[in-house]
Every structure is written in C-alpha cells, then in structure tokens.
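In: Fold the following, please.
(chains A and B)
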Amino acid sequence: MARVTVQLPSVLSIVVGDERRLTVEAESLAAALEQLIERWPGLRGHLFDEAGSFREHVLCFHNQTSTRWLPSLDVPLAEGDVVTILQAVSGG
Amino acid sequence: MRPSRFDRQTRFQPLGVEGQARLEAGSVLVVGCGALGGVLAQSMVRAGVGRVVLVDRDIVELSNLPRQVLFDERHAREATPKAHAARETLERVGGPSVIEAHATQLDTDNVEEFVSDVDLVLDGTDNLRTRYLLNDVCVRDGRPWVYAGVVGASGLTLPVIPGRGACLRCVFPEPPPAAALATCETAGVLLPAVAAVASLAAGFGLRLLAAPAGLEPALFELDVWHGSVRRVSAPRDPECPTCAHGEFPFLEDRRPDPVALCGRNTVQIPRPRVAPDLEALAKRLERAAERVERRGPLLRFEAESFHVTVFGDGRALVEGTDDIERARAIYDRYLGV
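Out: Numbering: from 1, shown residues only, chains lettered A, B, ... in the order given. You can find the predicted model right below:
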C-alpha cells in the first residue's frame, strides 16, 4: 500500500466540501479512485461516464502524466505520488 | 527628466524596452468584456498593447458590478453594451492603445473577421462553445490564445501555443453536455477569483506578445478561497482531433444556438440571418408588450414577466429565465422570427 495525495478540483466542492486535498492508501490508481467514490458516491457521476471512463471534461493526472493516454487505470502507485483531478470551467 | 509612462514596466528586465516595443506593435482580441474580459482588457491597455479589440454581446447590469471592473452604475442604469462601456472606461486610462469595441456575438459567421488580423486572442467568454470555436480557428491559423474560466472561488487557465503545446481539445476533447458544469449562477463567483485567473492569463498574454520563447504551456488551477495554485503539464495529444488531425468541427458548425448566460438568469438568442427593422418592431410591440423603449441602437420591452433587449442585428437577450426553449419561444412570439 502506498500513501498518496489526491487533489480534487475546487469546482467539486459541492460534493466533497472543503476536502480538496487528502491522503489515501492504495495499491493502484483505480483503487485510490474507488476509495474516493466510496467516500463520496456523488463523485462517480461527476467524474465517470456510463462506461466507467473519465468524462471528457474531466482530467486526471498521476503525478504529471494524464491518465487519458494510459491503457487503464490499473497503474501501480508509489509512496508520495500525487493524483490530481481537474474539471473544465465554463464561467467567466 | 520625467520617466516615461512605461518606465516601471521596461525596468522589468525580461520585458525591457524591446519587449515594450513589441507590446506597442502588437494586437489583441479580447472576447468577452465582463468579469475575466474586463481584467484582461485592462491589463492589455495599461501595458500599452498597440491595438486592443473588444467583443462582447451583453449589456451592463447592476449585478455585474461586484466583479466586472470596467463598469459603473451609470453603465448599468443605461444598459450600455459592455464592449462600449469597456472602451469608454479604458479610453479614460489613456496611453497608446487603439481600442476597438464591437457589441456583437462572436460566432462562426464572424470569428475569422475578428481573429484574422490580431497577434493573440484572450478568452473572457462565459461559455465553452465559444472557447471551442476560438480553439478551432486559432489552431488552424497557428495563432496563440489563452483559455481562462472561473466559477465560485476558483478557475483554470491554459495558454495555447499551436505546435508547441496542448490545445483545448488535447486537454478537454469535448465540451460537456448542458448543465453538466457548475455555472456562475449555481455556484456564484468572486472577484478575487476572476482577478487571479485573468491576471495569470494576462501575464501569459503579455509574454506571448513580447517574449514568447521559452514559455512552457501548462494548465493552472487557482483557488483564492483555499489559497492554492495547481500546475499540471499540458503536452499535445498525438491523437487530438483538432491540432493533430486538423478537424475543426466548431468552426464548421454554422448554426449558432441560443445560450444561457452564466450567472445572469438570461438567455441570448443569436441574430437571425436578416436584421429586423427595430422601428417597425417597436410600433408592432406597442400593444403586445409593456415598456417598449428605444435606447440608442437597442430596443427593450417587457413581456410575460421577461425583459427583452433586441440589438440592431436582431440578437436578443431574454432576461428572467435560463430556460433556452422558453426564451426562444418569447423571442419567436414577439419578434416573429
């Protein structure tokens, strides 16, 4: 199990409140994300489409690598990794 | 000897006198003059950018004033078009900038006319449809632009440098479906968030005009409530439909749709192919609507608890709803389009 930092986008504070940065212990990126969904079930609809893929207006980075280009989310995590999720913003 | 107007700027060594000269020879299109656009436009004019072109479809309202820095109560009382109000305020600042103002919707019909003769495009819009359109035309032409978006206390910005980094579709391949994202109406918005995001975007803009070499494109999220800045790298997607495969679907879509304006409880109906005769329309509405009033180039009236503002080209703002179909129905009912 690796202890990693997960950073959630400010615009999802409607779901996660002030907890925009938290530490989770997980072996893989997929497992870390599943922990987030267990804690905040409402996150699933914001982040994933019906097929379980990240929505196209959502970005997830494992350290500085976008997960969009990874074959799957079963990426092993290392101690100290950072997972950053961002979402498109339309206001202005 | 008195220091020159831009003395403190040119003392900043990475800009210098040469960079200042490039700013003064440069031209910028600022799309949207409201919250983000106001800060962007002000930054460009105060920095001495030679030509600043302002485009905004909207009129000033009282509820704009807490976050839209170029407007005042008179602009709101007189329902001044935002582009004109912004130019008026910025011209009082003075300086070398030539400021152009266009009170119109930037869409597929006119985007090339506005974009084709500027060096840089800055995003002060309030909707993703216009941003994907700007991305299409700027990537196609190899012209840099800077995406910025804000809601609540946070926002994103991304400098798009075609050929050197990600475009908007590398990062967010498709815009989300309607109502998928928080808006200024549902989540509110704070001026410090607007100012922070727009200031970073404006910094990228000055850099792109004056000294673009070495600027590494990245996506930034700023949050003024929690005090955080997040930066993630934004490499090009080798399979991006736009910047890798040359597809420009938003540019080729010639059917502008009505859009709900962020935070306004207002829907904008795009201009029809043929502009209406507002004098004739005003007469026709005298019995059908209330408070029918010509205000310079505008026609305003009230109907069924909605306030409608019609511009000279037929574009209209229907205030009192964010229901696009309802607004379209009001427009069709009273303008007969």
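In: hey, let's count contacts and neighbours off CA atoms from now on
Out: Noted.
In: would you list every one of the helices in chain A?
Out: A:13-16, A:29-39, A:43-47 (DSSP state H).
In: Can you point out the buried residues in the lowest-mean-pLDDT helix or strand in chain A?
Out: Lowest by mean pLDDT, DSSP states H and E among the helices and strands of chain A is helix A:13-16, with a mean of 82. Neighbour-count burial for helix A:13-16, counted by 16 or more other CA atoms under 10 Å in any protein chain shown, picks out A:Val16.
In: ditto for stretch B:96-106
Out: Buried, per 16+ other CA under 10 Å, within stretch B:96-106: B:Pro96, B:Ser97, B:Val98, B:Ile99, B:Ala101, B:His102, B:Ala103, B:Thr104, B:Gln105, B:Leu106.
In: In strands only, show me the residues you listed.
Out: The members of the buried residues of stretch B:96-106 that map onto strands under DSSP state E are B:Val98, B:Ile99, B:Ala101, B:His102.
In: what's the closest non-adjacent residue to the second one?
Out: Excluding the flanking residues, the one nearest B:Ile99 by CA to CA, 6 or more residues apart in numbering or on different chains is B:Val52, at 4.9 Å.
In: same deal with the third one?
Out: Counting by CA to CA, 6+ apart, B:Leu54 is the residue found nearest to B:Ala101 once chain neighbours are left out, at 4.7 Å.
In: That neighbour and B:Val31 touch, don't they?
Out: Yes. B:Leu54 is within contact range of B:Val31, at 6.3 Å (criterion: CA atoms under 8 Å).
In: Between these two, which is the more surrounded one?
Out: Taking neighbours as other CA atoms under 10 Å in any protein chain shown, B:Leu54 and B:Val31 compare with B:Val31 leading, 31 against 28.
In: Can you pull the phi/psi pair for the more buried one?
Out: Taking degrees, to the nearest 10, you get phi -100, psi 110 for the backbone angles of B:Val31.
In: residues from chain A in reach of chain B?
Out: A:10-11, A:56-59, A:61, A:64-65, A:86, A:88-92 (CA under 8 Å from any CA of the partner chain).
In: could I get the buried residues of stretch B:96-106 as TSV with distance to B:Gln20 and pLDDT?
Out: Output for the buried residues of stretch B:96-106, formatted as TSV (distance: CA to CA, whole Å; pLDDT from 0 to 100):
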residue	distance to B:Gln20	pLDDT
B:Pro96	12	97
B:Ser97	12	98
B:Val98	16	98
B:Ile99	18	98
B:Ala101	24	97
B:His102	26	96
B:Ala103	29	92
B:Thr104	31	89
B:Gln105	31	84
B:Leu106	29	91
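In: out of these, what pair is the most spread apart?
Out: B:Pro96 and B:Gln105 (26.8 Å; CA to CA).
In: And B:Leu133, how close does it get to chain A?
Out: Going from B:Leu133 to chain A by CA to the nearest CA, to the nearest Å gives 14 Å.
In: How many residues are close by that residue?
Out: Using other CA under 10 Å, B:Leu133 is surrounded by 20 other residues.
In: Around the nearest residue to it once chain neighbours are set aside, how many other residues sit close by?
Out: Spatial nearest neighbour of B:Leu133, chain neighbours left out: B:Phe250 (5.0 Å); criterion: CA to CA, 6+ apart. The tally of other residues near B:Phe250 (other CA under 10 Å) stands at 20.
In: Counting by contacts, list what the host helix or strand of B:Phe250 packs against.
Out: Secondary structure from DSSP states H and E places B:Phe250 in helix B:249-252. Applying 3 or more CA pairs under 8 Å, 6 or more residues apart in numbering or on different chains; DSSP states H and E, we find helix B:249-252 packed against helix B:128-141.
In: tell me the SS of B:Gly203?
Out: Under DSSP: H, G, I helix; E, B strand; the rest coil, B:Gly203 falls in the helix class.
In: Return the distance of it relative to chain A.
Out: 17 Å.
In: Tell me how far that residue lies from B:Leu40.
Out: Using CA to CA, to the nearest Å, B:Gly203 is found at 9 Å from B:Leu40.
In: Which one's more surrounded, the two?
Out: B:Leu40 (27 against 14).
In: residues in contact with B:Arg143?
Out: B:Asp119, B:Leu120, B:Val121, B:Ile161, B:Pro162 (CA atoms under 8 Å, 6 or more residues apart in numbering or on different chains).
In: which one among these gets closest to chain A?
Out: Proximity to chain A was ranked across the contacts of B:Arg143 by CA to the nearest CA; first place goes to B:Val121, at 15.2 Å.
In: Go ahead and confirm the closest one touches B:Gly37.
Out: No. Counting by CA under 8 Å, B:Val121 stays clear of B:Gly37, with 11.1 Å between them.
In: Now do the shared contacts for the two.
Out: Joint contacts of B:Val121 and B:Gly37 (CA under 8 Å, 6+ apart) are B:Val30, B:Val31.
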